[in-house]
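Asks: I would like the atomic coordinates for the input below:
(one chain, ligands or ions: 1)
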Amino acid sequence: MQHATDTVKIESLEDYLRGLIAHAMQEGNQVAVWRKPKSNYLQVLLDKSGKTKRVNLNLEELPTGFIVHPFEDQKDQKAFFLEADTYFKIDLNLPFKEQAEQIDLNIPLRTSEENARVIRQHFAIPIESEYSGELKACSKKDFISLVNTGIEAIKSGKLNKIVPARLKKKPLSENFELIRSLTGLIGSYPNAFINFFHIPDIGSWLGASPEILIQTKGNEFYTMSLAGTQKAKGDNPLKNAAWTQKEIEEQALVSRYIVDCFKKIRLREYDEQGPKTVIAGNLLHLRSDFRVDMKATNFPQLGSVMLKLLHPTSAVCGMPRNKAFEFLRQYEKLDRSLFAGFIGPVNVEEETSIYVNLRTARLTDKEAFLYAGAGVTEDSIPEKEWEETELKCEIIGKHLN
Ligand SMILES: C=C(O[C@H]1C=CC=C(C(=O)O)[C@@H]1O)C(=O)O
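Replies: Next up, the predicted model:
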C-alpha cells in the first residue's frame, strides 16, 4: 500500500480530512470532528476500539472523548462515548502545509474522489438500528395539526410550552461531498458548534448547533437559555430585531426551567445575564447566559448534575418537562433519534462543552434526514411555526449540495 508519507501529495486540509475520515471509516473507527463557536481550531478525535461504548453521565470521571446522547431518556441512563485513541487539532488560520508535520499522515494515498466515495459508502445505514428513528417526513398539514393540538393543550392548562419537531428528507445529489459541506458550514457559521460524528452502529450526523447545554472549564460552569426565532434581516440584523410577547415568554420559560434546576440542588449563587439577541446562521434568537463559580459554591460536579437535570430543556421539549415529553410521545409520531439529544467533547484540554444536537442532519448514502422543532406557546401561529422549521432545516440543508 502506498502511504501519504511516501510522497506527500496531500496539499490541503480538505484532502487530508477526506483521506483520514475515509480510512477511519474503513477501519471501523468512530470519528468526531468539530469546531467550537468562535474558534480557529478544527478538533479531531478517533475511537479505534471497534466497540460502541456506553458510559454513565459522570463527566468528571470520564477520559478524553466525545459524548452522544439521544433525545429520549435512556433506561440505563447512559450515553454513547467515543474514547480518544487519537486526538489532535488543526489551526484553521495557518496554512495546512505548515502543520503537516504534526499530523499523522500515515493514511492510504487515494484520490479525493475515491475518498469521497468511501466516506459516502460508510454513512451508517439506519434501518437496523434501534436509534434510527422513524424516518417518515412530516407534511405541512400534519405539522400544523400537531401545533394546533399543542396550542389546545396549553390553553386547557395542561402545558405551558411545547416544542414539536418534524423530519424533512433531502435527497443527496451525485455531487454531495461531506468535507465540502463540513468546510462550508465552518465558513458560514462562525458562532455555531460545527460537528460531524460517525458511530458505525448508530449513524453519521453533520450539524451546526447554536446551543450549549453545559460547559465546564476550570472552576466555571456555564449554560444558556436559547429560544425565540426570527429571520436575520438587513445590514445590522441584531440592531433591527424586535421581539413579540410570544417570543419573550417562550425564552423566559427556558430561563425559568434552568433556574428551577438550580433550585432543585439548592444552588443560589449564579450569575444570570440577558436576554440578548444573538445570531445563528440566518436566524436570530434570544439568549440568557448563566454562570456559576463551582469552587466558590463547592459544586465540583455541577456539570454532571446539571446535565442530568437539564436535558431535555424546554427549548427542545417543553414545560412542564415530563408532561411535555408525554405529549410529544403521544402526538409527535417521530422518533427523534439523536436530534435534540446532546453531543460534544468531554475532558478535552481540560474542558467539557456539550451542545444540544440541533440544526443537524443524519446522513445516509442517498439522502439526508433533517430535523427541526419550534417552540409553541398559547400565542403561536401554526403557519409561522412551520415556516420556522423550514428556515431551521435550511441552515444545514443548503450546505448539502
Ligand atoms: C428546536 C430547535 O430550536 C430551539 C432552539 C432555539 C430556538 C427555538 C425556537 O425558537 O423554537 C427552539 O427552542 C431547532 O432548531 O430545531
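
Asks: spatially central residue for this protein, please.
Replies: Nearest to the mean C-alpha position of the chain, counting by C-alpha atoms, centre = their mean, stands Asn357 at 2.5 Å.

Asks: just checking, Ile144 touches Glu387?
Replies: No - here Ile144 lies out of contact with Glu387, judged by C-beta atoms under 8 Å, at a distance of 10.7 Å. All C-beta spots, glycine's among them, are computed from the backbone N, C-alpha and C.

Asks: contacting residues for the residue of the stretch 101-250 of the chain found nearest the ligand?
Replies: Sorted by distance to the ligand under C-beta to the nearest ligand atom, the residues of the stretch 101-250 of the chain start with Thr229, at 3.5 Å. Residues near Thr229 by C-beta atoms under 8 Å, 6 or more residues apart in numbering: Glu247, Leu283, Leu284, His285, Ala374, Gly375, Glu388, Leu391, Lys392.

Asks: which of those sits closest to the ligand?
Replies: The ligand lies nearest to Gly375 out of those, by C-beta to the nearest ligand atom, at 3.3 Å.

Asks: work out for me the element the nearest residue in space to that closest one that is not next to it in sequence sits within.
Replies: Spatial nearest neighbour of Gly375, excluding adjacent residues (C-beta to C-beta, 6 or more residues apart in numbering): Glu250 at 4.5 Å. Element membership for Glu250 (DSSP states H and E) is helix 245-264.

Asks: again with Ala340
Replies: Using DSSP H and E, Ala340 falls outside every helix and strand.

Asks: tell me where the stretch 101-250 of the chain has strands.
Replies: Along the stretch 101-250 of the chain, counting by DSSP state E, counting those that start in this stretch, strands occupy 161-162, 165-171, 193-199, 203-209, 212-217, 220-231.

Asks: in its sheet, which strands sit next to the last one, and in what direction?
Replies: When you say that, I think you mean strand 220-231. strand 212-217 (antiparallel), strand 283-293 (antiparallel) (DSSP bridges).

Asks: model confidence over the first one, on average?
Replies: Per-residue pLDDT values across strand 212-217 average out to 98.

Asks: the ligand contacts on this protein?
Replies: Counting by C-beta under 6 Å from any ligand atom, the chain comes close to the ligand at 163, 211, 226-229, 285, 315-316, 358-359, 372-375, 392.

Asks: from those, which would you call buried?
Replies: In terms of neighbour count (16 or more other C-beta atoms under 10 Å), the buried residues within these are 163, 211, 226-229, 285, 315-316, 358-359, 372-375, 392.

Asks: can you give me the helices in this structure?
Replies: Taking DSSP state H as the criterion, the chain carries its helices at 13-26, 96-99, 112-122, 140-155, 178-188, 237-240, 245-264, 302-310, 321-331, 382-397.

Asks: helices and strands of the protein: which one bottoms out on pLDDT?
Replies: One helix or strand of the chain scores below all others by mean pLDDT, DSSP states H and E: helix 96-99, with a mean of 84.

Asks: follow-up on the earlier one: highest average neighbour count across the strands paired with strand 220-231?
Replies: The highest average neighbour count among these, using mean count of other C-beta atoms under 10 Å, belongs to strand 212-217 at a mean of 22.

Asks: show me where the stretch 101-250 of the chain dips below the pLDDT cut-off.
Replies: Counting by pLDDT under 70, the stretch 101-250 of the chain has low-confidence residues at 104-105, 125-134.

Asks: can you rerun that using 90?
Replies: 101-111, 124-138, 201, 234-236, 239-240 (pLDDT under 90).

Asks: picking up where we left off before, could the contacts of Thr229 go into a markdown table alongside distance to Glu272?
Replies: Output for the contacts of Thr229, formatted as a markdown table (distance: C-beta to C-beta, whole Å):
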| residue | distance to Glu272 |
| --- | --- |
| Glu247 | 19 |
| Leu283 | 23 |
| Leu284 | 20 |
| His285 | 17 |
| Ala374 | 25 |
| Gly375 | 20 |
| Glu388 | 26 |
| Leu391 | 28 |
| Lys392 | 26 |
